[in-house]
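>>> Sequence and predicted structure below; questions after.
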Amino acid sequence: MLTSRTFLKRTRAGAVMKVVREHYLREDIACGAAACEQCGQQPGEPRLEAQPSGAASSLCPAPHYLLPDTNVLLHQIDILEDPVIRNVIVLQTVLQEVRKRSAPVYKRIRDVIADPEKHFYSFTNEHHRETYIEQEQGETSNDRNDKAIRVAAKWYDEHLKKINNKEIIQVILLTNDRNNKEKAVEEGLTAYTCEEYIKSLIANPDLVDRLACVSDEGKEIESGRIIFPEHLPLSKLQQGIKSGIYFQGTFRANRDNYLEATVWVYGDAEENKEIIIQGLKNLNRAVHEDLVAVELLAKDQWVAPSSVVLQDEGQNEDDDENEEEKENTLKSSVNKNMLRPSGRVVGIIKRNWRPFCGMLSKSQIKEARRHLFTPADRRIPRIRIETRQASTLEGQRIIVAIDGWPRNSRYPNGHFVKNLGTAGDKETETEVLLLEHDVPHQAFSQAVLSFLPKMPWSITEEDMKFREDLRYLCVCSVDPPGCTDIDDALHCRELENGNLEVGVHIADVSHFIRPGNALDQESAKRGTTVYLCEKRIDMVPELLSSNLCSLRSNVDRFAFSCIWEMNHNAEILKTRFTKSVINSKASLTYAEAQMRIDSASMQDDITTSLRGLNKLAKVLKKRRIDNGALTLSSPEVRFHIDSETHDPIDLQTKELKETNSLVEEFMLLANVSVAKKIHEEFSEYALLRKHPAPPPSNYDILVKAAKSKNLEIKTDSAKALADTLDKAESPDFPYLNTLLRILATRCMMQAVYFCSGMDNDFHHYGLASPIYTHFTSPIRRYADIIVHRLLAVAIEADSTYPELTDKHKLADLCKNLNYRHKMAQYAQRASVAFHTQLFFKNKGVVNEEAYILFVRKNAIVVLIPKYGLEGTVFFEEKDKPKPNLNYNDEVPSLTVENTTFYTFDKVKVNIMLDASNVQHQKIRMALVEPKVSIKTMDLGLFSPASKTCVFHLFVPQAS
């Protein structure tokens, strides 16, 4: 049956156009019930069970199917995902609406429908002759959709009565819309709110905790006082942004100060690019990463970025005086030059809420159901949840979702989602850090694995027709110990004409991962392999990463080779690229390769090749540095793990050898050579990597710190910075140069992927290279796979496809890759931090030398070189005497009583693990030298200042 819809549409030119849309209606769409013999069910189709099993309900003891409306699906997805909820009919009307309103929820419900254990059935009611309805004149689309849901529920009710079953299967409509429920009951349907139905489940009272609080009514604080200003409606926000009254941007909460945030404003104007928000009312219920509208305050109300470290530790929601006192500490006298554009949040354009990991802070009131949840991420506010399981959940890592944030609540409302396990347990903490950093870590699906080569796999004669056979070359790889995903191998040999041939051979992953299939899509989504201390989250399945793509020794492997002819001064005379087959003669560690180079007795082909490469690498490095490339520093640590307990037994900073530099130089050279080639061939579609020059203000802290040691750091260019860093040395303080380079690293911008057709600035500041890309690690970076595909097309070794030459799609891909790369770095740091806690837990109290990296208004940040450990030592603590603090921003320095601390001062600290707060275990530090004493007013005694450290470990930024 065919029906049509006609409507009028005005074109851009102003003409009126008549549009007729045909809509096909069918009678053969199955109901999905396994017991139904009338409908022609397709074999293997997901079906509703003939005898619905699942949770027993006191409201509806008879067998039943559930039919939720759009709002139930949108807000109660956590409930619907629970294994207890089965046999659910998801209407096409509902799915379409969910798709429009929330892509994440839509994906989640599609995954549930695909799970055969859940028995969810997607019914195409909009194309069924008996369930399709037209929108009546004057009827809103929302009312029409509600009516369509009721019509489909009514049809199911009548249809299921015709099944020859012992008991008639009922259909229960779940809706939180009062009007829709009333109309459904009037029409003879069985309808309940989601809350009514969940509370009726006899054997599953815990499920009530997972109900989302859709309405804020009844959940508001009894006092009814208003804490926050009202958010403006979206229409007013859009008008204000258009007229320039408000600014639109991303809200970034401050990790160290819960009363401060910045909003990164969208647009081309440099002015007001970053707006500071200070104070609870000005923050106005915005949560980290929300898209907000901000009103700029008058210039006399502008503030400076705070140097105070403040953490929300209050349990009492009515503690306004304490809040005001903390806000006043932000407003202490500051230099007028430090003032920045400041504003207040007037409305939320788009919430960016996700499920948050953390722990329950159990209420001190006996039998209380309302408790505060403290997220693991300090940038997220505490969340108020209701649960009957508080005693069970205490000491557990749990997941909580935010439902809303009323004006009269100090904290947002939320609901319990999932228990991850005991806090401090290694598996649980690893799961938390992966979830918190949004690292996709689920097992690869069967759809993805189906695109892997069938084993046993071998190279065929057909494969050899399209590749150069380089198996005769003396190729070897040099990697960290225990590396199984070997991306790259090298060779160097002398040619008959006296020149040198150098080859960089990279795993040909793009041969196995073809554009657009499920394996390719999953790799693109993951973006990068994530390396944790004891675990690797692969971007591609292990069969590829550790076997077929890995350039292991003594096996034939596909490679993409970049081969240069060079003279002995490392000047490139010729460059060529080819798809090849190689056979690596050795898989070496950096230490093994170094030993070969240094050994006088070893003269074999592999060692000769390594020595040739090493000699050229030194020339290449010197040339790079002479051109202005930066040599920065960041302490990188490695753990020695106990083979039985898997706990760290030793922690030390990594020692870099010459061979680290050898590999790095040739990888950089290959990346630059490939970048030039793909940009030459695809000027609009090349995937490149750039490192923007930092704004001059970024260097303030570095310049001031150097000045305090009577040194001058020039920051006009990368070359000037590199030269002055080289000269910045002190004979009586050899570690000073390393500290300056660590500080310089903190001033840098993040390197990013971009599409050449969408940007004009290609320059890589850190490498002092006019063009750069990533080609050398396709097993662990998806960007390199795209670069391989571009290069293959450029040398006519493969064919192109539409997405490869779509710069908008490439720009979207780059956005995801930059995000995944950043999150992977943060996850690595969090893993190192957790293992460092485990190390100090077993180690006990330790005394070590440290250097001051930064001084704050109430704290100093120190670095312990031995462990690569950085920590914030506070001079003010709750319930302790407050010392006299004098902060000087110009020098910079902090005077505590009569002791003054400057950047780079050497101190001695006492280190131990403080596990008193299970949620945020931290390394506690006490200053051993120099000693600082605080006079207690009441006793006239001297007691040592109490210092607590929140520690950080940093993994170096990849180029």
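Yep, it's here. Everything numeric in this text was worked out from a predicted model, so none of it was measured. Numbering: from 1, shown residues only.

>>> all strands for the stretch 401-550 of the chain, in order.
Ranges of strands in the stretch 401-550 of the chain, per DSSP state E, counting those that start in this stretch, are 413-422, 468-469, 476-479, 488-494, 500-507, 530-531, 536-537.

>>> could you point out where the stretch 851-959 of the chain is predicted with low confidence?
Along the stretch 851-959 of the chain, the model assigns pLDDT under 70 to residues 878-879, 916-920, 933-959.

>>> Could you pull out the strands in it for me?
Counting by DSSP E, counting those that start in this stretch, the stretch 851-959 of the chain has strands at residues 859-864, 869-874, 885-888, 893-896, 899-902, 906-914, 922-929, 933-935, 942-944, 949-952.

>>> can I get the strands of the stretch 401-550 of the chain in CSV with mean neighbour count and distance to H128?
For the C-beta atoms, the positions are set from N, CA and C on the backbone; glycine is no exception. Output for the strands of the stretch 401-550 of the chain, formatted as CSV (neighbours: other Cβ atoms under 10 Å; distance: least, Cβ to Cβ, whole Å):
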stretch, mean neighbour count, distance to H128
strand 413-422, 19, 35
strand 468-469, 14, 59
strand 476-479, 23, 59
strand 488-494, 22, 57
strand 500-507, 24, 51
strand 530-531, 22, 46
strand 536-537, 17, 44
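
>>> closest one to T374 among those strands?
T374 lies closest, by Cβ to Cβ, to one member of these: strand 413-422, at 12.0 Å.

>>> That closest one: how far from the chain's middle?
Its chain's C-alpha centre and that of strand 413-422 lie 20 Å apart, by Cα atoms, centre = their mean, to the nearest Å.

>>> Could you export it as CSV, keeping only the C-alpha atoms?
In CSV, the C-alpha atoms belonging to strand 413-422 read as follows (Å, rounded to 0.1, in the frame of the first residue of the first chain):
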residue,chain,number,x,y,z
ASN,A,413,21.5,14.9,41.1
GLY,A,414,22.3,11.5,39.7
HIS,A,415,21.8,7.8,39.9
PHE,A,416,23.9,4.7,40.5
VAL,A,417,24.8,2.8,37.3
LYS,A,418,27.3,0.0,38.1
ASN,A,419,29.7,-1.4,40.7
LEU,A,420,33.2,-1.8,39.2
GLY,A,421,34.9,-3.5,42.2
THR,A,422,37.0,-2.8,45.3
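
>>> Mind giving me the packing neighbours of that strand?
strand 383-386, strand 396-404, helix 426-436 (3 or more Cβ pairs under 8 Å, 6 or more residues apart in numbering; DSSP states H and E).

>>> Can I get the ones you listed in JSON lines including distance to H764 and mean pLDDT?
Converted to JSON lines, the helices and strands packed on strand 413-422 look like this (distance: least, Cβ to Cβ, whole Å; pLDDT from 0 to 100):
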{"stretch": "strand 383-386", "distance to H764": "42", "mean pLDDT": "90"}
{"stretch": "strand 396-404", "distance to H764": "39", "mean pLDDT": "91"}
{"stretch": "helix 426-436", "distance to H764": "30", "mean pLDDT": "90"}
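
>>> Export these as a markdown table, with columns for distance to R86 and mean neighbour count.
Supplementary listing: the helices and strands packed on strand 413-422 in a markdown table, determined by distance: least, Cβ to Cβ, whole Å; neighbours: other Cβ atoms under 10 Å:
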| stretch | distance to R86 | mean neighbour count |
| --- | --- | --- |
| strand 383-386 | 25 | 23 |
| strand 396-404 | 22 | 22 |
| helix 426-436 | 26 | 19 |
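
>>> Nearest to K585, out of those?
Closest to K585 of those, according to Cβ to Cβ: helix 426-436, at 37.0 Å.

>>> gap between that closest one and the chain center?
On Cα atoms, centre = their mean, the centre of helix 426-436 falls 13 Å from that of its chain.

>>> same deal with stretch 123-130?
With Cα atoms, centre = their mean, you get 40 Å for stretch 123-130.

>>> could you give me the average pLDDT of that stretch?
With pLDDT averaged residue by residue, stretch 123-130 scores 89.

>>> Dump the C-alpha coordinates for it into CSV.
Provided in CSV are the C-alpha atoms of stretch 123-130 (Å, rounded to 0.1, in the frame of the first residue of the first chain):
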residue,chain,number,x,y,z
PHE,A,123,9.3,-3.1,15.2
THR,A,124,9.0,-1.0,12.1
ASN,A,125,5.6,0.5,13.1
GLU,A,126,5.9,3.5,10.7
HIS,A,127,5.7,1.1,7.7
HIS,A,128,3.1,-1.3,9.0
ARG,A,129,-0.3,-0.7,7.5
GLU,A,130,-2.2,-1.2,10.8
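
>>> Kindly provide the distance from M667 to E592.
19 Å (Cβ to Cβ, to the nearest Å).

>>> for E134, same thing?
Taking Cβ to Cβ, one finds E134 at 76 Å from E592.

>>> Which of those two has more residues huddled nearby?
E592 (16 against 11; other Cβ atoms under 10 Å).

>>> so which strand or helix has the more buried one?
Per DSSP states H and E: E592 is located in helix 590-598.

>>> Going by neighbour count, list what's buried in that helix.
Buried residues in helix 590-598, counted by 16 or more other Cβ atoms under 10 Å: Y590, E592, A593, Q594, R596, I597.

>>> would you put the C-alpha positions of it in CSV?
The C-alpha coordinates for helix 590-598 follow below in CSV (Å, rounded to 0.1, in the frame of the first residue of the first chain):
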residue,chain,number,x,y,z
TYR,A,590,68.2,-0.7,22.6
ALA,A,591,70.8,-2.1,25.1
GLU,A,592,71.7,-5.1,22.7
ALA,A,593,72.1,-2.7,19.8
GLN,A,594,74.3,-0.4,21.9
MET,A,595,76.4,-3.3,23.0
ARG,A,596,77.0,-4.3,19.4
ILE,A,597,78.0,-0.8,18.3
ASP,A,598,80.4,-0.5,21.3
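
>>> just checking, what packs against the next helix-or-strand element following it?
Downstream of helix 590-598, the next assigned helix or strand under DSSP H and E is helix 605-626. Judged by 3+ Cβ pairs under 8 Å, 6+ apart, helix 605-626 is in contact with strand 476-479, strand 488-494, strand 500-507, helix 590-598, helix 658-681.

>>> Between these, which one is closest to S445.
strand 500-507 (23.4 Å).

>>> What is that closest one packed up against?
Judged by 3+ Cβ pairs under 8 Å, 6+ apart, strand 500-507 is in contact with strand 488-494, strand 556-566, helix 605-626, helix 658-681.

>>> Please produce a markdown table containing the ones you listed, extended by distance to P692 and mean pLDDT.
As requested, the helices and strands packed on strand 500-507 are exported to a markdown table (distance: least, Cβ to Cβ, whole Å; pLDDT from 0 to 100):
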| stretch | distance to P692 | mean pLDDT |
| --- | --- | --- |
| strand 488-494 | 27 | 95 |
| strand 556-566 | 26 | 96 |
| helix 605-626 | 19 | 93 |
| helix 658-681 | 16 | 93 |
